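Asker: Have a look; sequence and predicted model below, questions after that.
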Amino acid sequence: MTEAVELANLTVRFGDFTAVENANLRIQAGEFFSFLGPSGCGKTTILRTISGFIDPTEGAVRIGGQDMRGVGANQRPTALIFQSLALFPMMSVADNVGYGLRVRGVAKALRDRKVDELLNVVALGDQGGKQVDELSGGQRQRVAIARALAVEPQVLLLDEPLSALDLKLRQHMRNELRAIQRRVGITFIYITHDQGEALTMSDRIAVMNQGRIEQVGDGRTVYDAPDTGFVASFVGETNAIPGRITATADGEAALETPLGVLRGRNPQTLPVGTAAQLYVRPEMLLPDPTTPENRLSATVEDHAYEGNLTHLACRAAGLRLTVLLGARDRRAPPASGASIALGFAAGDARVLPVA
């Protein structure tokens, strides 16, 4: 069993501080959905409101169509995995997984069978007799997931569960979590400030800023077609070039900028005279461009080699620009102080209001 989750005009205030403002959203049953945003943006408040640890100031949380107001955390069809995992160090792995079942009075034979099934689901079938402190960080994450799944929640809530892991293990656990979610088929709601996690795992993402949901979409849409300057800047790296719109046509806008007149897509149909910013991703800002549009010259200040990528830090008309070269570009990067010609297609840039 799994259920959809709906936020209807959800607002949460703590005194004079508004943590979440008028959030409206429907998370589909069986979806892996992530809330992405910086610390303090309200994403964890939303998670705790869904779980029942915080009451809405206004609006409602509905799970499976049922309004959860007045329904306690222990009566909701949800399970929450905290950042700290909160495993019991004096219990075996199997006892940790079966704890919720034991509290609910499930008979030992049935409990043991369920624990065995869940340990196999999270690829820990031979680890049940170990103590928690004998496991690796990734294995402990999987124990926490199995324990949460044992009580058969319809919605699993995960509050930045990978943040304490090192980079390699985080990358591995992204794949593990997604695979587990597909196997069990229940709704996962995931909280993270790491855009790589959100883009890698999620069916859809809600990007949050200062208590508001700024955009909801799949990872490719959020990255390639941001609705706001904040989303463009927070999700991935970007170059923001200020200007004022001088012309519009065919879904595009021309801006007068310190780098000259530049063109980009105009998704909000901003009118002539509007102060705006043109956003172009570093991988779309190409050296030695062949396109006749959006050409400019810059000076290379530095470069950073990262194996599969090389970052060029450039400056043009006082603006700092970043260019991203892929591993297939075998040319040696230009030296610091060298002049470089850059360009990008109008279809690869977005013109958005000043954030």
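Answerer: The structure has been received and is ready for your questions. What you see is a predicted model, and the numbers here were worked out from it, not measured in a lab. Numbering: from 1, shown residues only.
Asker: can you give me the strands in the stretch 251-355 of the chain?
Answerer: With DSSP state E, counting those that start in this stretch as the criterion, the stretch 251-355 of the chain has strands at 252-257, 260-265, 275-280, 286-287, 295-305, 309-316, 319-326, 339-343, 349-353.
Asker: From the contact counts, what lies against the longest one?
Answerer: Using 3 or more Cβ pairs under 8 Å, 6 or more residues apart in numbering; DSSP states H and E as the contact definition, the elements that strand 295-305 packs against are strand 309-316, strand 339-343. Glycine gets a C-beta too; all of them are placed from N, C-alpha and C.
Asker: Provide the contact partners of that strand at residue level.
Answerer: With Cβ atoms under 8 Å, 6 or more residues apart in numbering as the contact definition, strand 295-305 has outside contacts at 259-260, 262, 289, 310-316, 320-321, 333-343.
Asker: and what of the fourth one?
Answerer: Taking contacts as Cβ under 8 Å, 6+ apart, the residues outside strand 286-287 that touch it are 312, 323, 325, 334, 340-344.
Asker: Those residues into TSV, with extra columns for neighbour count, distance to residue 297 and pLDDT?
Answerer: Output for the contacts of strand 286-287, formatted as TSV (neighbours: other Cβ atoms under 10 Å; distance: Cβ to Cβ, whole Å; pLDDT from 0 to 100):
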residue	neighbour count	distance to residue 297	pLDDT
312	24	14	90
323	23	13	92
325	19	17	85
334	16	12	79
340	18	7	90
341	12	6	91
342	22	7	92
343	19	10	93
344	24	13	94
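Asker: Residue 335 and residue 230, how far apart?
Answerer: For residue 335, the distance to residue 230 under the criterion Cβ to Cβ, to the nearest Å works out to 35 Å.
Asker: quick one, which of the two is more surrounded?
Answerer: Under the criterion of other Cβ atoms under 10 Å, the comparison of residue 335 against residue 230 puts residue 230 first, with 21 against 8.
Asker: From what I see, the more buried one and residue 212 are in contact.
Answerer: No: checked against Cβ atoms under 8 Å, the pair residue 230 and residue 212 is beyond contact range at 9.6 Å.
Asker: Okay, now the unreliable bits of the stretch 201-350 of the chain?
Answerer: 327-331 (pLDDT under 70).
Asker: re the thing from before, and residue 116, which of the strands of the stretch 251-355 of the chain is closest to it?
Answerer: Each of the strands of the stretch 251-355 of the chain was scored for nearness to residue 116 using Cβ to Cβ, and the closest is strand 309-316 (44.4 Å).
Asker: what sits against residue 32?
Answerer: Under the criterion of Cβ under 8 Å, 6+ apart, the contact partners of residue 32 comprise 178, 181, 188, 190, 201-203.
Asker: Going by distance to residue 3, which of these wins?
Answerer: Where the contacts of residue 32 are concerned, and distances follow Cβ to Cβ, residue 3 has its nearest neighbour in residue 188, at 12.2 Å.
Asker: who's in contact with the closest one?
Answerer: Residue 188 sits next to 31-33, 155-156, 158, 177, 181 when contact means Cβ under 8 Å, 6+ apart.
Asker: Filter the residues you listed down to just the ones in strands.
Answerer: Cross-referencing the contacts of residue 188 with the strands (criterion: DSSP state E) gives 32-33, 155-156, 158 as the overlap.
Asker: Where do the helices of the stretch 1-150 of the chain begin and end?
Answerer: In the stretch 1-150 of the chain, the helices defined using DSSP state H, counting those that start in this stretch lie at 43-51, 93-103, 108-121, 137-150.
Asker: Now do the last one: everything it contacts.
Answerer: What it means is helix 137-150. With contact meaning Cβ under 8 Å, 6+ apart, helix 137-150 is reached by 79-81, 85-87, 93, 96-101, 114-115, 118-119, 121-124, 127, 132, 135, 156, 161-162, 164-166, 169, 172-173, 176-177, 180, 184, 186.
Asker: picking up where we left off before, now distance to residue 110 too, for the helices and strands packed on strand 295-305, in a markdown table please.
Answerer: Below are the helices and strands packed on strand 295-305 laid out as a markdown table (distance: least, Cβ to Cβ, whole Å):
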| stretch | distance to residue 110 |
| --- | --- |
| strand 309-316 | 52 |
| strand 339-343 | 65 |
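Asker: out of these, which comes closest to residue 64?
Answerer: When the helices and strands packed on strand 295-305 are compared by Cβ to Cβ, strand 309-316 sits nearest residue 64, at 44.3 Å.
Asker: re earlier: quick check: the farthest pair among the contacts of strand 286-287?
Answerer: Going by Cβ to Cβ, the pair spanning the contacts of strand 286-287 furthest: 334 and 344, at 17.7 Å.
Asker: hang on, the earlier thing: out of the helices of the stretch 1-150 of the chain, flag the one nearest residue 235.
Answerer: helix 43-51 (13.9 Å).
Asker: Not counting sequence-adjacent ones, nearest residue to residue 178?
Answerer: The spatial neighbour of residue 178 that comes closest, neighbours along the chain excluded (Cβ to Cβ, 6 or more residues apart in numbering), is residue 201 at 4.8 Å.
Asker: what's that neighbour sitting at in phi/psi?
Answerer: The phi/psi pair for residue 201 (degrees, to the nearest 10) reads phi -100, psi -30.
Asker: Pretty sure residue 191 is one of the things it touches, is it not?
Answerer: No: using Cβ under 8 Å as the test, residue 201 is too far from residue 191 to be in contact (12.0 Å).
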